[in-house]
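K.L.:
Kindly generate the corresponding structure for this input.
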Amino acid sequence: MLLINSIVGNIFQDPFLRDKFKKLSTEKCERIKISRIELEKNRFRRNTDKGTDVGIALESDKKLHNGDVLLDEIDKFIIVEQMPEKVISINIRGDLNMVKKIMPVVGHIIGNRHRPIQIDDEGVIYFPVMAESEIETFSHLFGNLVNHMDINIQERIFEPEDSLNVHEH
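P.N.:
Numbering: from 1, shown residues only. I've put the predicted structure just below:
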């Protein structure tokens, strides 16, 4: 078993690691596919897609993220790949005043259900769901505001806002 106690870096934050990852042959690059919920753990054991047995034992205040590099050696490069999950996306339509009016209400309703959120650069809000039927529940909770939104179910990599520290139920 290969024991990992620290993260080398992240391909989405470190240009050197990103370039190296892009240039690597598929034989040298191994992936550990993991769910978002499992990324919260700092101790677990997994096999890479090539069968390498990896034990992860990070400090208690550390957690993994999509794109984290666990090993960067000449003959082996191991990276964490987060698995996509079902999320609801909400795009608020209208002028800036409408968005300012609706955004806090939407945040309150989602937060009241203890769901973490992600907001992209265009202001689209994402949050995880257990079943597609939840779109009806949230549409009902949003009431008439739903007339100013595009609400969809997608499967994507969900990376919650770290600063909000929301726990899921």
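K.L.:
drop to CA atoms for contacts and neighbour counts, all remaining ones
P.N.:
Will do.
K.L.:
Tell me, please, where in the protein the pLDDT is lower than the cut-off.
P.N.:
163-169 (pLDDT under 70).
K.L.:
Longest helix of it, counting residues only.
P.N.:
In the chain, taking DSSP state H as the definition, the longest helix is helix 96-112.
K.L.:
Okay, buried residues for it please.
P.N.:
Under the neighbour-count criterion of 16 or more other Cα atoms under 10 Å, helix 96-112 has 99, 102, 106, 110-111 buried.
K.L.:
cool, and stretch 33-41?
P.N.:
33-34, 36, 39.
K.L.:
Can you list which of those residues are found in strands?
P.N.:
Per DSSP state E, strands hold the following members of those: 33-34.
K.L.:
now the buried residues of stretch 33-41 as TSV including distance to residue 151?
P.N.:
Formatted as TSV, the buried residues of stretch 33-41 follow (distance: Cα to Cα, whole Å):
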residue	distance to residue 151
33	28
34	27
36	22
39	27
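K.L.:
which one of the buried residues of stretch 33-41 is nearest residue 9?
P.N.:
residue 39 (15.3 Å; Cα to Cα).
K.L.:
Verify the stated contact: that closest one with residue 63.
P.N.:
Yes. Using Cα atoms under 8 Å, residue 39 is in contact with residue 63, at 6.4 Å.
K.L.:
mind listing the strands for this protein?
P.N.:
Using DSSP E, the strands found in the chain span residues 2-4, 9-10, 29-34, 43-47, 53-57, 68-72, 77-82, 85-92, 118-119, 125-128, 149-156.
K.L.:
Distance to residue 22 for the ones you listed - can I get that in TSV?
P.N.:
Shown next, in TSV, are the strands of the chain (distance: least, Cα to Cα, whole Å):
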stretch	distance to residue 22
strand 2-4	23
strand 9-10	13
strand 29-34	10
strand 43-47	22
strand 53-57	22
strand 68-72	13
strand 77-82	11
strand 85-92	25
strand 118-119	27
strand 125-128	28
strand 149-156	21
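K.L.:
tally of neighbours for residue 85?
P.N.:
Counted with other Cα atoms under 10 Å, residues neighbouring residue 85 total 16.
K.L.:
Sounds good, over and out.
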